[in-house]
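> return atomic coordinates for the entry below.
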Amino acid sequence: MKIRLLRFLKYFLPFTFLLMLFQYFIVNYFGGEKMYYSIFSVYAFHFFSTFIIYFLLLLVHDKFQDKTGFAFMGAGLLKMFAAVLFLLPMLLAKVAHPFANVLAFFIPYFLFLIFETFFAVRLINSK
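Below you'll find the predicted structure:
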């Protein structure tokens, strides 16, 4: 389990850092408007939620290999619920550009989801 987690982090940390740097450049160079959530807080949410989900998948895979896929689907549902709770204060506030703020959250959300799915499928297919 430790080796799989370190292998995951070897790719996950640069992935997170590069995406955050890219979004920071895009928002500050082209956007110029103040976002409701800072880029750091958005990426902290994505980083910790994805890391926790993969860690839980590793735990489930070690104990119940045949239930890893179900654990991934359940964790994905919880992550969606957490994303709504994370965005709720912004959605209830009167922000100037709500669509831009939602896009600034959900574009990385789906990129992290693709990354997470890739490693979850590799974990499920491993023997």
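
> rest of the way, CA atoms for contacts and neighbours
Noted.

> what residues are up against the most centrally placed residue in the chain?
With distances taken as C-alpha atoms, centre = their mean, His46 lies nearest the centre of the chain, 3.2 Å away. Contacts for His46 were tallied using C-alpha atoms under 8 Å, 6 or more residues apart in numbering; they are 108-109, 112.

> distance of it from Ala96?
24 Å (C-alpha to C-alpha, to the nearest Å).

> before we move on, back to that, where's the residue nearest to the centre of the chain, which helix or strand?
helix 39-63 (DSSP states H and E).

> now that helix: buried residues?
39, 42-43, 45-47, 49-51, 53-58, 60-61 (16 or more other C-alpha atoms under 10 Å).

> likewise for stretch 99-115?
Within stretch 99-115, the residues that count as buried by 16+ other C-alpha under 10 Å are 101-102, 104-105, 108-109, 112-113.

> got it, and stretch 83-90?
For stretch 83-90, a neighbour-count test (16+ other C-alpha under 10 Å) marks 83, 87, 90 as buried.

> Three-state assignment for Lys34, please.
Assigned state for Lys34: coil (three-state reduction, DSSP: H, G, I helix; E, B strand; the rest coil).

> and it, backbone torsions?
phi -80, psi 130 (degrees, to the nearest 10).

> hmm, back to that, reformat the contacts of His46 as a markdown table; add distance to Thr68 and secondary structure.
Output for the contacts of His46, formatted as a markdown table (distance: C-alpha to C-alpha, whole Å; DSSP: H, G, I helix; E, B strand; the rest coil):
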| residue | distance to Thr68 | secondary structure |
| --- | --- | --- |
| Pro108 | 24 | helix |
| Tyr109 | 21 | helix |
| Phe112 | 19 | helix |
